[in-house]
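Enquirer: Fold the following and give me the result.
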Amino acid sequence: MLLEGMRAPKELEAVSVDWNRVFRCHKRIVRLDLSVIPVDSRHLGRALEAASTHCSDLRTLILP
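Expert: So this is what the prediction gives:
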């Protein structure tokens, strides 16, 4: 997936991700595992917001 290979939170924070674009293209997601994103990452809130906007079939959400 997108974050595979990320080793440190510092590396993750340096990456720019358009979460709206990601989830707009994957609307039928039913299970979303965000456990690899650190809880204090700027990406977590943005990913959650985008998923809640675009993924109406989402049934399972796994958080860090």
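
Enquirer: just the helices in the chain please.
Expert: In the chain, the helices defined using DSSP state H lie at 9-14, 19-24, 42-54.

Enquirer: how close does the residue positioned nearest the centre of the chain sit to Val30?
Expert: Centroid-nearest residue in the chain: Ala47, 4.0 Å away (criterion: CA atoms, centre = their mean). According to CB to CB, to the nearest Å, Ala47 and Val30 sit 16 Å apart. Yep, even glycine has a C-beta here, placed from its N, CA and C like the rest.

Enquirer: before we move on, back to that, count of neighbours near the closest residue in space to the residue nearest to the centre of the chain that isn't next to it in sequence?
Expert: Leaving aside its sequence neighbours, Ala47 sits nearest to Trp19 (CB to CB, 6 or more residues apart in numbering; 4.8 Å). Neighbours of Trp19 under the rule other CB atoms under 10 Å: 19.

Enquirer: low-scoring stretches of this structure, by residue?
Expert: Scanning the chain for pLDDT under 70 picks out 1-9.

Enquirer: how about a cut-off of 80?
Expert: Within the chain, the stretches with pLDDT under 80 are 1-12.

Enquirer: residues touching Ile62, list them.
Expert: Ile62 makes contact with 31-35, according to CB atoms under 8 Å, 6 or more residues apart in numbering.

Enquirer: oh, I was asking about Ile29
Expert: Ile29 makes contact with 23, 51, 55, 57-58, according to CB under 8 Å, 6+ apart.
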